[in-house]
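In: Sequence isn't available, so here's the structure alone:
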Ligand SMILES: NC(=O)CC[C@H](N)C(=O)O
């Protein structure tokens with residue numbers, strides 16, 4: 001397995017077309033697009049890495065998997081009154097569907113949906129308390145207390161928040177947000193600005209690969225049915241309007257972020273985290289997707305088989 005991971009990293013090092021870093025968040029625009037990392041953490045406790053797999057990067061929308069897990073833990077199925085669970089077929093920051101659907105976002109992984117989820121988990125608390133809870137949860141599932149927010153990234157996004165602020169105000173106008181818009185956005189931007197390495201991210205995702213239990217540590221994070229449902233949402237909605245393309249090419253539940261990371265789950269086998277900062281036109285990591293495609297071709301671990 002280490003040979004395969006090394007082969008993938010070697011192939012990606014040679015790639016000339018590396019995509020474009022997300023400069024709409026200026027702080028992310030400075031990241032070097034030459035970087036690549038991959039980690040496979042298996043359900044039997046093995047870890048295989050290549051590239052800069054211990055370098056922290058901005059996990060951005062991958063954090064939406066963790067806040068969704070927290071929200072389902074707090075409120076169970078009543079979360080689905082606030083956010084839907086259908087693919088949107090629109091870009092991650094699109095506003096068009098919100099008007100047609102009375103301010104209820106299609107799914108928890110587009111920006112509007114994640115903003116609604118964070119509003120739900122705030123439950124009247126201040127952003128600091130909610131952020132403390134989110135960070136504790138991520139540290140717990142990754143078994144690593146060194147994980148932190150990158151405050152410069154969060155501040156950069158807050159300073160350029162017009163688009164996300166529009167989504168939030170629009171939902172608030174329909175009565176879908178309970179808290180002050182800037183407090184919700186401040187919480188959302190910090191959640192997105194969590195910095196993690198591929199090794200930390202693969203560890204954090206392991207519970208989704210074995211029915212809700214992080215097998216190497218023996219910690220149950222969620223019930224099997226909940227893990228299955230989170231995986232299905234990742235498969236259908238994790239790459240926005242390129243979710244169909246990702247299923248076609250890779251065939252694993254996956255969640256991308258504009259920091260260039262992707263967390264993919266191979267149920268029964270393990271969690272794979274990849275990172276390459278250059279994005280494709282849909283805002284998903286260009287080389288990260290190629291690396292995962294190569295990975296499933298060689299392992300046959302796509303949920304659809306070889
Ligand atoms: N796709 C993403 O990773 C987007 C997250 C980013 N924080 C935003 O709101 O625009």
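Out: Received, thanks. A quick note: this is a predicted structure, and the numbers were derived from the prediction, not measured.
In: Which parts of the protein are strands?
Out: With strands called from DSSP state E, the chain shows them at 37-42, 47-51, 57-58, 148-149, 194-196, 213-214, 219-220, 254-256, 261-266, 270-275.
In: May I see these arranged in TSV, with mean pLDDT, distance to residue 108 and mean neighbour count as well?
Out: Heads up, the C-betas are built off the backbone N, CA and C, glycines and all. Supplementary listing: the strands of the chain in TSV, determined by pLDDT from 0 to 100; distance: least, CB to CB, whole Å; neighbours: other CB atoms under 10 Å:
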stretch	mean pLDDT	distance to residue 108	mean neighbour count
strand 37-42	98	24	26
strand 47-51	98	29	20
strand 57-58	98	19	28
strand 148-149	98	21	16
strand 194-196	98	17	25
strand 213-214	96	22	22
strand 219-220	95	22	14
strand 254-256	98	10	30
strand 261-266	98	15	29
strand 270-275	98	19	30
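In: for the record, mean pLDDT for the helix ranked longest in the chain?
Out: Taking DSSP state H as the criterion, the chain has its longest helix at helix 127-142. Helix 127-142 carries an average pLDDT of 98.
In: Identify all contacting residues around it.
Out: Under the criterion CB atoms under 8 Å, 6 or more residues apart in numbering, residues 63, 66-67, 69-70, 118, 121-122, 145, 147-149, 183, 186-187, 190-191, 194, 196, 200-201, 203-204, 206-207, 214, 219, 221 lie in contact with helix 127-142.
In: quick revisit: so which of the strands of the chain comes closest to the ligand?
Out: Between the ligand and those, the shortest gap by CB to the nearest ligand atom is with strand 254-256, which sits at 6.7 Å.
In: need the residues of the stretch 201-306 of the chain near the ligand, please.
Out: By CB under 6 Å from any ligand atom, the residues of the stretch 201-306 of the chain that approach the ligand are 257-258, 283.
In: Out of those residues, grab the one that's most surrounded.
Out: Neighbours here are counted as other CB atoms under 10 Å. On that basis the top member of these is residue 257, with 29 neighbours.
In: Break the chain down into its structural domains.
Out: Residue ranges for the domains of the chain, per automatic domain parsing: 2-58+195-298, 61-194.
In: Out of these, which one sits most buried?
Out: Of those, the one with the most neighbours on average (mean count of other CB atoms under 10 Å) is domain 2-58+195-298, at a mean of 21.
In: Run the chain-centre distance for stretch 173-186.
Out: Averaging C-alpha coordinates over stretch 173-186 and over its chain gives two centres that are 22 Å apart (CA atoms, centre = their mean, to the nearest Å).
In: same thing with stretch 214-225?
Out: 19 Å.
In: now stretch 104-120
Out: Using CA atoms, centre = their mean, the distance from the centre of stretch 104-120 to the centre of the chain it belongs to is 13 Å.
In: and it, average pLDDT?
Out: When the per-residue pLDDT values of stretch 104-120 are averaged, the result is 98.
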